[in-house]
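J.: from the sequence below, what's the structure:
(one chain, ligands or ions: 1)
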Amino acid sequence: MKSDALQTSGLDVDKLPVHVAIIMDGNGRWAKKRLMNRVKGHEKGSQAVTSIVRACRELGIQYLTLYAFSTENWARPKSEVSALMQLLKKFLVSERPELMEKGICLKVLGQMERLPEDVRQKACETMDATKENRQMTLNLALSYGSRQEICDAVQAVAQKVAAKDLAVADITEQLVADHLYTAGMPDPDLLIRTSGEFRLSNFLLWQCAYAEIFVTHTLWPDFTGDEFMEILTNYQKRNRRFGKVECSMPSDG
Ligand code: FPP
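T.: Numbers count the residues shown, from 1 in each chain. The predicted structure follows:
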C-alpha cells in the first residue's frame, strides 16, 4: 500500500533506496550568515532532523543513518560540545512518543561510553523503548568514527581467531561487516552531504563502498523534504552497476 507522500511524489516505489545516510553539514555557516551563535544553527538543524525522519517514514525508507556527532567533534569548544549534547538529549526524549507512534527503532552507532552519563542514559532508554519497532530504523551516529569502527571490528575478529573460535580463512567481507556497528543492516544506497563539501569525513567508509553520493550546497538547517524528494528523483535516474557492465546488448541467442 503506497503512502500519500509516495502517491503524490511520482517516485517509483520499487526503486527507493532502502538505506539513506546523511552527513548533516553547515549548521555553523547557517548561523554565521545570520550573525548568530553556532548553537542556533544546531538548534535549527535539529528541526531539520525531525522533518527528514518524518519524510523517510512516510516514504517507507527502511533505514536512515544521520551523522550527528563525530569522534573528531569532541575537539570543538567545550561550550559547543555541551550545547550539542543537550540538544541530542532533548531530541532523544522529545522524539520518543513519535518514534513509538510511527514504529521507528532508534539505534546509536558509535562510542556510547564517551557520551555524558545523562545523554547515554536517555539514548539507552529510547533504544530500549523502541527496540521492537519494525517500520523503520533511525541510526544516530554519535561519537562515531568509521576508522575506529573498523578497528573495533578487527579487534573483535582477532580475539576470536586468538581464541580459536575462528580460522583466518573464515575472515570474509561478510564476517567483517557482521562486526561493524551496522551489523545486520543493508549498506547505504544513497549518501547525501549538505553544505557543498565533497568529503566523507570518516563516515561509513566500509558501508558506502557502492553508495550513490549526492552533494547539495544547501546548508543542513535549510534542507527540506522537497529537496529530499528531488534528490530521490535524481537517485532513481542513476544507473547502479556495482562495478559490472550494463546488459543492454541483445543476447546472441
Ligand atoms: C555539522 O555542522 C553538524 C554537526 C557537527 C552536528 C549535527 C547536529 C545536528 C544537525 C543537530 C543535532 C542532532 C540531532 C540528531 C538532534 P557544522 O557545525 O560543522 O557546520 P559548519 O561546517 O558550517 O561549521
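J.: going forward, measure contacts and count neighbours with C-alpha atoms only.
T.: OK.
J.: so where is the stretch 1-150 of the chain shaky, pLDDT-wise?
T.: Counting by pLDDT under 70, the ranges of the stretch 1-150 of the chain that qualify are 1-2.
J.: residues in it within reach of the ligand, list them.
T.: 24-29, 42, 45-46, 68-69, 87-88, 91 (C-alpha under 6 Å from any ligand atom).
J.: show me where this structure has its helices.
T.: In the chain, helices defined by DSSP state H lie at 4-9, 27-33, 38-59, 78-94, 96-101, 117-130, 146-162, 173-177, 225-237, listed in chain order.
J.: mind putting those into TSV with distance to residue 16 and mean neighbour count?
T.: As requested, the helices of the chain are exported to TSV (distance: least, C-alpha to C-alpha, whole Å; neighbours: other C-alpha atoms under 10 Å):
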stretch	distance to residue 16	mean neighbour count
helix 4-9	10	14
helix 27-33	28	18
helix 38-59	9	19
helix 78-94	27	16
helix 96-101	21	16
helix 117-130	24	17
helix 146-162	25	16
helix 173-177	23	14
helix 225-237	7	15
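J.: re earlier: which of the residues of the stretch 1-150 of the chain next to the ligand sit farthest apart?
T.: 29 and 91 (21.8 Å; C-alpha to C-alpha).
J.: list the contacts for residue 102?
T.: Contacts of residue 102 were listed using C-alpha atoms under 8 Å, 6 or more residues apart in numbering, and they are 57, 135.
J.: likewise for the one 3 residues further on?
T.: Residues touching residue 105, when contacts are defined by C-alpha under 8 Å, 6+ apart, comprise 99, 127, 130-138.
J.: how close does it get to the ligand?
T.: 14 Å (C-alpha to the nearest ligand atom, to the nearest Å).
J.: what does stretch 36-43 rub up against?
T.: Outside of stretch 36-43, the residues that reach it under the criterion C-alpha under 8 Å, 6+ apart are 27-32, 80, 83-84, 87, 221.
J.: how about 6 Å then?
T.: Identification of contacts with stretch 36-43 by C-alpha atoms under 6 Å, 6 or more residues apart in numbering yields 27-28, 30-31.
J.: who's whichever residue of the stretch 101-250 of the chain sits closest to the ligand bridged to?
T.: Going by C-alpha to the nearest ligand atom, the ligand is nearest to residue 140 of the stretch 101-250 of the chain, at 6.5 Å. Taking DSSP bridges, one obtains residue 66, residue 108 as the residues bridged to residue 140.
J.: count of residues packed around it?
T.: Here the neighbour count serves as a burial measure; for residue 140 (other C-alpha atoms under 10 Å) it reads 20.
J.: wait, doesn't residue 215 sit right on residue 193?
T.: Yes: taking contacts as C-alpha atoms under 6 Å, residue 215 lies within contact range of residue 193: 4.8 Å.
J.: okay, the two: which has more neighbours?
T.: Set side by side, residue 215 and residue 193 show unequal neighbour counts under other C-alpha under 10 Å, the larger going to residue 193 at 24 against 17.
J.: contact partners for the more buried one?
T.: With contacts defined as C-alpha under 6 Å, 6+ apart, the neighbours of residue 193 are 22-23, 215.
J.: that one bridge partners, please.
T.: So, taking DSSP bridges as the rule, residue 193 has residue 23, residue 215 as bridge partners.
J.: and it, how far is that from residue 182?
T.: The span separating residue 193 from residue 182 equals 20 Å under the rule C-alpha to C-alpha, to the nearest Å.
J.: before we move on, what about residue 81?
T.: 25 Å.
J.: same check on residue 59?
T.: Taking C-alpha to C-alpha as the criterion, residue 59 is separated from residue 182 by 22 Å.
J.: check residue 196 too.
T.: Noted for residue 196: a distance of 26 Å to residue 182, by C-alpha to C-alpha.
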